[in-house]
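**Student:** sequence plus predicted model, see below.
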Amino acid sequence: MNKLSRAALLLTLGLTFTTAPLHAQQQPPAPTPKVMQDDPKMKAFIDNLMQKMTLEEKIGQLNLVSVGFDVTGPVVSQNVNENISKGNVGGVFNTYTPIAARKLQELALKQTRLKIPLIFGYDVIHGHRTIFPIPLGLAASWDLTAVERSARIAAEEASADGLHWVYSPMVDIARDPRWGRVAEGAGEDAYLGSRMAEAMVRGYQGTDLTKENAVMACLKHFALYGASEAGRDYNTTDMSKVRMYNEYLPPYKAAVDAGVGSVMSSFNDVNGVPATANRWLLTDLLREKWGFKGFVATDYTAINELIAHGMGDEKEVAALSLKAGADMDMVGELFLKHLGEDLKNGLVKQADIDLACRRVLEGKYRLGLFKDPYHGVSEKRAKKVIMNKEFIADARDIARKSMVLLKNDNQTLPLKKSGTIALVGPLAQSQRDMIGNWSGAGDWKQAVSLEQGIKNVAGNAVKIVYAKGANIADDQQMLDRLNHHGGELVLDKRSSEEMIKEAVQVAQQADVIVAAVGESQGMTGEAASRADIGLPGQQLALLKALKATGKPLVLVLMNGRPLTLTWEDQNASAILETWFGGTQAGNAMADVLFGNYNPSGKLTMTFPRSVGQIPLYYNHKSTGRPYAGTDPMDKYKSRYLDEVNEPLYPFGFGLSYTKFEYGKPELSTTTLGQNQPLEVKVTVRNTGNYDGEEVAQLYIRDMVGSLSRPVKELKGFQKVMLKKGESRTLTFRLSPDDLKFYNNDLNFVAEPGDFQVMVGGNSRDVQMAGFKLQ
């Protein structure tokens, strides 16, 4: 007899890997939204169905296979048609289009004994066919209506294309821009991330999941994936419960409270226990504390990867995951392979299998698949819905809203619609990079390049002279790696010196230089961590040569993360951060460059000056020896010898073609009771020469607490349009919960004492007032 591993031994004793149980008072779950409320009819239907199901059929519902158009993980499912026919598949990943989805659904409906429909899922991250800015860009709009609209359009298209289930939103808080997946989230702040999560869930699911244009959202990655050490994908995560509850968990809970239908477990461990085998995480916290009523799917082969984590062999990790609270096994097929034997050996109980099966069936019921297994999909509807003119127009508008003006000396921007522009850079003519990473079913050949966008917006009065100037990367191994995963990059055979020389000659013919620089889309996203987050390749050398011409130098950045841009900030005339803007990126960039749209985006991640400052985020704690930055000889302070503490661009930062001035905040009271709301009024005036939108941001600071508190915490924001010369008084309302935090006992409390209120256009430049909480 083989010696039992520690994992198997604990399972046989009825124990699981968990952290210490929580006994503290916490935020109660919000009222369950209609889409996730208990339904007696659903219970009766599933009770009746499960009475008819064999053990094999129940386990089959827990099997999620990958077949179709994309490979987004290390393995591909085998014998899919055969397994569907046998009832061994509950859901399909990576198959879309009405024809392909209908074909597989018909197998389940015609070949299986009980005719249980399949659920079709896909990575719809920032649009399905009509692609929007990457989520980090969407968040930079600070426009919840626009964010929700992007998800609603994605749901319309995905549902028409045969899908029921989308693996979005990703709400991981991320403070290390080396991590490639920062592109998929809303940035570093829990409050903003929570509002974005709610908006995405509303956009995807609507109020009735049975409607043909609704899809079920999948919250990911649960949990703490954005805190992977060293910014390296799939790496370990380790943090205190206090930090977890205050700084990382709120967006997940916000999505659950908004009624998200499903959750995806993360790859990382959480304080030593991998998320997919972490019962405290998936059951105690998610279901018992937060009241989540949906089902949990693992990430791609995450159960199999528990073996490499050191959690046991195939049988043991399958049992661990099921007992932890994982309901669907994505692609790994260990549930299918081993749960029957695990049941015989006592590693799992029949009740464990039944519970997971019930949750999956409930998800299908909520989507109305038992009444309409095709969810209204048809080729006719797909042709009418996908990439229609309205959606394309919205994509252009939302892309404009996401762009952030980082610098604009001497009103270099907006550009004139006349004269000669030197368009230089490896991204100037790119279409593939415009739709970014995780662009799923998007067709990059339909994307608008920057060059085409300038032609469309500026017209014939502007002459464009072009030079590539540099490759995105000159390392052939890097190019091969990127192209192996759909990069479409072509290495120019000329030397860097020859390319830069040509670019300088072109620049000398022009009135202004527009340099399209940044990352390839494949340099961000999953498995795309970078140790050096400066401009790759010879792009900086190109910019230095262009600067030497003396012509105004406008940088148009395309990237999926904050970059280190110290030289660029010091030397460029203007810098426009455009992220990867989607299908209409080129038109949207040109709209901003030529003043058809006044940029209004604000950063949701801090831009460091150098990699050595990472992690760098606005809502840090103060140390006992804070450095004020005034005396370079002040040795015994928390500081660097070779770098300043401050970021290049702070959280919430973004310029406009106009100017905004803030008055001092006025408070409804300076002495506040524990259950009393607070009104904060502030007057914002447009003092410049353009109409424009401003994102007014409200922060608080708890000056004295039982725990050291952040120097600032975002607690509200409003995006407002002001005509030039116009002023408006904005009112923010702080609820009692906005003053609360989780203390060392994980009680959610507001402690009496002094508070500061700060309002401004970014986290650095604020006006202050104070009050006391009794």
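**Tutor:** Received, thanks.

**Student:** residues near residue 661, how many?
**Tutor:** For residue 661, the count of nearby residues is 13 (other CB atoms under 10 Å). Using the backbone N, CA and C atoms, a C-beta is placed for each residue, glycine as well.

**Student:** not counting its own residues, what contacts stretch 144-157?
**Tutor:** 124, 126-130, 132, 138-139, 141, 166, 168-169, 195-196, 198-206, 213-215, 217, 385-387, 391, 394-395, 397-398, 401 (CB atoms under 8 Å, 6 or more residues apart in numbering).

**Student:** the residues you listed in helices, which ones?
**Tutor:** Of the contacts of stretch 144-157, the ones assigned to helices by DSSP state H are 138-139, 195-196, 198-205, 385, 391, 394-395, 397-398, 401.

**Student:** could you list the domains of the protein?
**Tutor:** 383-603, 660-773 (automatic domain parsing).

**Student:** any chance of those in TSV, with mean pLDDT and distance to residue 242 too?
**Tutor:** Putting those into TSV (pLDDT from 0 to 100; distance: least, CB to CB, whole Å) gives the following:
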stretch	mean pLDDT	distance to residue 242
domain 383-603	96	26
domain 660-773	97	6
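
**Student:** most tightly surrounded among the ones you listed?
**Tutor:** The highest mean neighbour count among the domains of the chain, using mean count of other CB atoms under 10 Å, belongs to domain 383-603: a mean of 21.

**Student:** how far away from the center of its chain is that one?
**Tutor:** 22 Å (CA atoms, centre = their mean, to the nearest Å).

**Student:** quote the end-to-end distance of that domain.
**Tutor:** End-to-end distance for domain 383-603: 37 Å, by CA to CA, to the nearest Å.

**Student:** show me the contacts for residue 414.
**Tutor:** Counted by CB under 8 Å, 6+ apart, residue 414 has contacts 592, 593, 594, 595, 657.

**Student:** in three-state terms, label the first one for me.
**Tutor:** Under DSSP: H, G, I helix; E, B strand; the rest coil, the three-state class of residue 592 is helix.

**Student:** for it, what are its contacts?
**Tutor:** Contacts of residue 592 (CB under 8 Å, 6+ apart): 400, 403, 405, 413, 414, 576, 578, 598, 599.

**Student:** what about those, which are in strands?
**Tutor:** Residues of the contacts of residue 592 located in strands (DSSP state E): 405, 576.

**Student:** in JSON lines, list the contacts of residue 592 along with distance to residue 114.
**Tutor:** JSON lines is the format used below for the contacts of residue 592 (distance: CB to CB, whole Å):
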{"residue": "400", "distance to residue 114": "50"}
{"residue": "403", "distance to residue 114": "51"}
{"residue": "405", "distance to residue 114": "58"}
{"residue": "413", "distance to residue 114": "62"}
{"residue": "414", "distance to residue 114": "63"}
{"residue": "576", "distance to residue 114": "56"}
{"residue": "578", "distance to residue 114": "51"}
{"residue": "598", "distance to residue 114": "58"}
{"residue": "599", "distance to residue 114": "56"}
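
**Student:** list the contacts for residue 309?
**Tutor:** By CB under 8 Å, 6+ apart, the contact set of residue 309 is 269, 274, 277.

**Student:** try 10 Å
**Tutor:** Applying CB atoms under 10 Å, 6 or more residues apart in numbering to residue 309 gives the contacts 236, 267, 268, 269, 272, 273, 274, 276, 277, 302, 317.

**Student:** which stretch of helix or strand covers the last one?
**Tutor:** In other words, residue 317. Per DSSP states H and E: residue 317 is located in helix 314-324.

**Student:** which of the residues in that helix are buried?
**Tutor:** Within helix 314-324, the residues that qualify as buried are 314, 315, 316, 317, 318, 319, 320, 321, 322, 323, 324, counting by 16 or more other CB atoms under 10 Å.
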